[in-house]
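S.K.: A structural model of the following input is requested.
(2 chains)
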Amino acid sequence: MARRPGFFDRLRPGRSAGSEPEPTGDPFVDALRAALGADGVRIDGAHRALHSHDASVFDEGNAGPVCYPSTAAEVQAVVRLAAEHRRNVVPRGAGTGLAGGAIPLGQSVVIAMTRMNRVLEVDTTNRIAWVEPGVINLDLTRQLAPLGYHFAPDPSSQQVCTIGGNVANNSGGPHCLAYGVTAAHVVAVEVVLPDGELVTLGGLDPEPAGYDLRGAFVGSEGLLGITTRVAVRITRNRPEVRTLLLSFDEVRDAANTVSGVIAAGIVPAAMEVMDQLITRAVENYVGAGYPTDAAAVLLAEVDGLAGGVDLDAERIAEIGRANDATDVRLAGSEEERALLWKGRKTAFGAIAQIAPDYYLHDTVVPRSALADVLTEIYAIAERHEVLVMNVFHAGDGNLHPLLIFDGREPGMLDRVHAAGGEIIEASLAAGGVLSGEHGIGLEKQKFMDRMFTADDLDHQNRLRQAFDPGCRTNPGKVIPSSHSCADIQALKSVPREVWV
Amino acid sequence: MTAEATVPTLATDDPVLAAFAEEVGVDGPVAVEGGRTRWSLGGELAPGTRTVRAPTGIVAYTPDEMTVTVRAGTPVADLRAALAERGQRTALPERGGTVGGAVVVGESDVRALGLGSVRNAVLQVRYASADGRIVSGGGPTVKNVSGFDLPRLLVGSLGTLGLVAEVILRTNPMPPVSRWLRAGDADPQAVVDRLLDPSAVLWDGTTTWVLLEGHEPDVDAEQITLAGVGSFVPVDSDPATGVPVALPPNRWSLAPGDLVDLDGSATGAFVAAVGVGLVLAERPQPPRRLAPAVAAVAERLKQNFDPTGRLNPGRNPADR
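M.R.: Numbers count the residues shown, from 1 in each chain, chains lettered A, B, ... in the order given. A predicted model of the protein is given here:
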């Protein structure tokens, strides 16, 4: 496919053509600079410190050189040089991950994909777009809007997160209830394998020959290789949308309404629940029009053709009333609808008014267990004297308990972690899973053996080693150390101030 | 079939799965026999290979979770009947055979636009490994990113990485109305472009068949839209296959955009699923080659999952 120079090329910092980068005395860094140009490799403390973190609370990151490739060939060059010099690599998108997946351990080389940010081709016949991994999720949807299409996965971070990060995390979002998570929207990925080979996994045809390596790659949290190009499915915009806001005196009633809607054979585009604390915070913050006296609100959306959406909206309202909804409101205008969604999508920003720190959890439980697990989560938070708010993708049972605290308070962080651990255990005990969309990263490695047996984890590691026999790509993540090929302790023992 | 049954027990605690793993054993070539509907896909099974049968039965079905836990040896027809009683269906194709067979073959129905694809339908997989252990991948909920995606890896693997014993499948509500229409004068690409969400658009080079599904007013509205594309009339589907046209035996996988060049010269008589890229044809698709670096990953996978090559010897998903 021809790569046409696009708008973003003009914004790209110019190569220091002709001027030889100054030697640093470190042969590895010099080799990287020879391959990427001086402005493509950063080794200063500020850059390394910035790239040692993502949006999670974990602070064991320790970045080595930070590389900014502009092409797949440059990604290959970095990966090959790193292998030659026996260094590990960690790919990075926007750094919005909440599980520590992009945090480099042991001075891994960070490969920041932000310069590879072009939409290469939009193909409405095949219903796909070829994009580079640094394209921002919402930018793609905005570019597709004039054609009447969008990219369906819509994580709350969609204004900043990248498609490459969405692929690595198999990202979800409110509208994944009807449309599926990222894995259902990626038909092919071009990948630099850990040995530096450039391959395309999957294809535009529905059933490519061989194992579904594309399927195995999506959601692999950067452990199986580095995405350099993605063919994403594009979804036709729906002509009609109905958005309902239902209020309840009990969180349980909202949860039961969600189960009732699915039981009635309706799969709405989205069903989101917010409890009273978060609703009040959002009202103070953006004035979305949420009732502040309700114990919970349910935001439900159906889309499609006019006849069906009216029938479904009416039925959802009935089910809500049967579950003691105190108020049922249908958004009367596009402005009102946008405001209701603005409230949901800025929920995490709104809590800054309440306390300086938050820890956002992510588990999934069967829909029928939602009400009981929520009750348990409130009890756990009370026991550990932590404030908890709940705003979650109720339609697919994806809980997002938000623990809110002031990290300066002595002992607070320990209580937050203890409460978090109990929330995970409660979700698993109810027949749930560790993560619905944030991934395992560093955060949940220690819980993996609560969900999987030693044999299960061994097979996950066999998959990983088929792609990365040397365990050089994002080592120390996902698979717990006892089942992984990487020596995680060694990764963590590299002191931050030592430049190796 | 109670709500409690959705609470996952460790696979190793399930005596039925343990017995299956024991039967698979730890040495000698072995394969699972299902309905033999696609027995020669990816190569003939090596002579002398012992065959076993996967366990049968629906373990748990909770319609309001939109999931069903089912043993791999269960006939697809039995599963279909059980789901239909509660107004649901899955993406598994209607061509006989067993659930496990449909999963490891991984072929979607020609109505994939409406039913979804098999590779997106498997939430959890439990299989007997080459060393006779029961291994689980994925999870019981409709949304899950805990660990690597073993379910997708096993879909279409032809039993070469593990012998599937049980799966949890995503289910979907059956639409209130399903209506097939036929026209002899419609451009199938125009049909795909004009309709919002057809469940199927089939085309044999002359006739176009369209499946509209959903609420009755929506189906009626789409039928009016179709009248602008061709002279469509309602047509009955064959209850055995769910489609109104006989499907040729061989399967081609093409980019949807490549169907415009389809004239039957390479395929022989064909029925194409427009918008999907599947073509059922008289003649088989020529072999497709994997790039060497992709083949190398596939070889390492096989080596890591089945070091002695005892699972389904003779078969290779790259040769399908």
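
S.K.: Other residues contacting stretch B:178-186?
M.R.: Contacts of stretch B:178-186 from elsewhere in the structure, counted by Cβ atoms under 8 Å, 6 or more residues apart in numbering or on different chains, are B:199, B:206-213, B:219, B:223, B:226, B:229-237, B:243-244. C-betas here are computed from N, CA, C, even on glycine.

S.K.: ok, 7 Å please
M.R.: B:206-213, B:219, B:223, B:226, B:229-235, B:237, B:244 (Cβ atoms under 7 Å, 6 or more residues apart in numbering or on different chains).

S.K.: Repeat that for stretch A:50-63.
M.R.: Residues from elsewhere that reach stretch A:50-63 (Cβ under 7 Å, 6+ apart): A:48, A:66, A:92, A:95-100, A:102-107, A:110, A:112, A:359, A:442-443, A:492, A:494, A:496.

S.K.: what do you get if the cut-off is 6 Å, keeping everything else the same?
M.R.: Applying Cβ atoms under 6 Å, 6 or more residues apart in numbering or on different chains, the set of residues contacting stretch A:50-63 from outside is A:48, A:66, A:95-98, A:100, A:102-104, A:107, A:110, A:442, A:492, A:494, A:496.

S.K.: do the same with stretch A:468-479
M.R.: Residues outside stretch A:468-479 that contact it (Cβ under 6 Å, 6+ apart): A:88-90, A:101, A:105, A:194, A:221-223, A:440-441, A:460-461, A:485-486, A:488, A:491.

S.K.: try stretch A:128-145
M.R.: Applying Cβ under 6 Å, 6+ apart, the set of residues contacting stretch A:128-145 from outside is A:113-114, A:116-122, A:150-151, A:158-159, A:161-164, A:187, A:227, A:230-234.

S.K.: if we go to 7 Å?
M.R.: Residues outside stretch A:128-145 that contact it (Cβ under 7 Å, 6+ apart): A:1, A:93, A:113-123, A:150-151, A:155, A:158-164, A:166, A:187, A:204, A:227-234.

S.K.: Narrow the contacts of stretch B:178-186 to those in helices?
M.R.: Using DSSP state H, the subset of these located in helices is B:219, B:223, B:226.

S.K.: And the buried ones among the contacts of stretch A:50-63, selectable in PyMOL?
M.R.: Per 16 or more other Cβ atoms under 10 Å in any protein chain shown, the buried members of these correspond to this PyMOL selection:
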select buried, chain A and resi 48+66+95+96+97+98+100+102+103+104+107+110+442
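
S.K.: of the contacts of stretch A:50-63, list those near chain B.
M.R.: Near chain B, judged by Cβ under 7 Å from any Cβ of the partner chain, there are no entries from those.

S.K.: Quick check: the two most widely separated of the contacts of stretch A:50-63?
M.R.: Farthest-apart pair in these is A:96 and A:494; separation 25.4 Å (Cβ to Cβ).

S.K.: nearest spatial neighbour of the residue of chain B most remote from its centre, skipping sequence neighbours?
M.R.: Using Cα atoms, centre = their mean, the residue of chain B lying farthest from its centre is residue B:228. It sits 33.4 Å away. Spatial nearest neighbour of residue B:228, excluding adjacent residues (Cβ to Cβ, 6 or more residues apart in numbering or on different chains): residue B:194 at 7.2 Å.

S.K.: Tell me the confidence at the one you found?
M.R.: Residue B:194 carries a pLDDT score of 96 in this model.

S.K.: So it sits against residue B:227, correct?
M.R.: No. Counting by Cβ atoms under 7 Å, residue B:194 does not reach residue B:227; the two are 10.6 Å apart.

S.K.: higher neighbour count, these two?
M.R.: residue B:194 (15 against 11; other Cβ atoms under 10 Å in any protein chain shown).

S.K.: and the end-to-end length of stretch A:436-456?
M.R.: Terminal residues of stretch A:436-456 lie 19 Å apart, using Cα to Cα, to the nearest Å.

S.K.: how is chain A carved up into domains?
M.R.: A:25-112, A:119-236, A:240-349, A:355-429 (automatic domain parsing).

S.K.: would you list the ones you listed in TSV and tack on mean pLDDT?
M.R.: TSV is the format used below for the domains of chain A (pLDDT from 0 to 100):
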stretch	mean pLDDT
domain A:25-112	95
domain A:119-236	97
domain A:240-349	94
domain A:355-429	94
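
S.K.: can you tell which of these is closest to residue B:258?
M.R.: Of all these, domain A:119-236 comes closest under Cβ to Cβ, at 8.0 Å.

S.K.: who's in contact with stretch B:233-245?
M.R.: With contact meaning Cβ under 7 Å, 6+ apart, stretch B:233-245 is reached by B:94, B:110, B:111, B:179, B:180, B:181, B:182, B:202, B:204, B:209, B:247, B:271.

S.K.: For those residues, give me TSV that also has neighbour count, distance to residue A:324 and secondary structure.
M.R.: TSV is the format used below for the contacts of stretch B:233-245 (neighbours: other Cβ atoms under 10 Å in any protein chain shown; distance: Cβ to Cβ, whole Å; DSSP: H, G, I helix; E, B strand; the rest coil):
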residue	neighbour count	distance to residue A:324	secondary structure
B:94	20	42	coil
B:110	28	45	coil
B:111	25	40	coil
B:179	19	38	strand
B:180	22	42	strand
B:181	24	44	strand
B:182	19	49	strand
B:202	25	47	strand
B:204	19	54	coil
B:209	25	47	strand
B:247	19	50	coil
B:271	21	52	strand
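
S.K.: Off-centre distance for the strand or helix carrying residue A:371?
M.R.: Using DSSP states H and E, residue A:371 falls within helix A:370-383. Relative to the chain's own centre, helix A:370-383 is displaced by 25 Å; criterion: Cα atoms, centre = their mean, to the nearest Å.

S.K.: per the record, what domains does chain B have?
M.R.: Domains of chain B are assigned by automatic domain parsing as B:3-173, B:177-281.

S.K.: Comparing these, which comes out most buried?
M.R.: Greatest average neighbour count among the domains of chain B goes to domain B:3-173 (a mean of 21), per mean count of other Cβ atoms under 10 Å in any protein chain shown.

S.K.: so where do the strands sit in the stretch 201-320 of chain B?
M.R.: Under the criterion DSSP state E, counting those that start in this stretch, strands of the stretch 201-320 of chain B are mapped to B:208-214, B:233-234, B:250-253, B:270-273, B:278-281.
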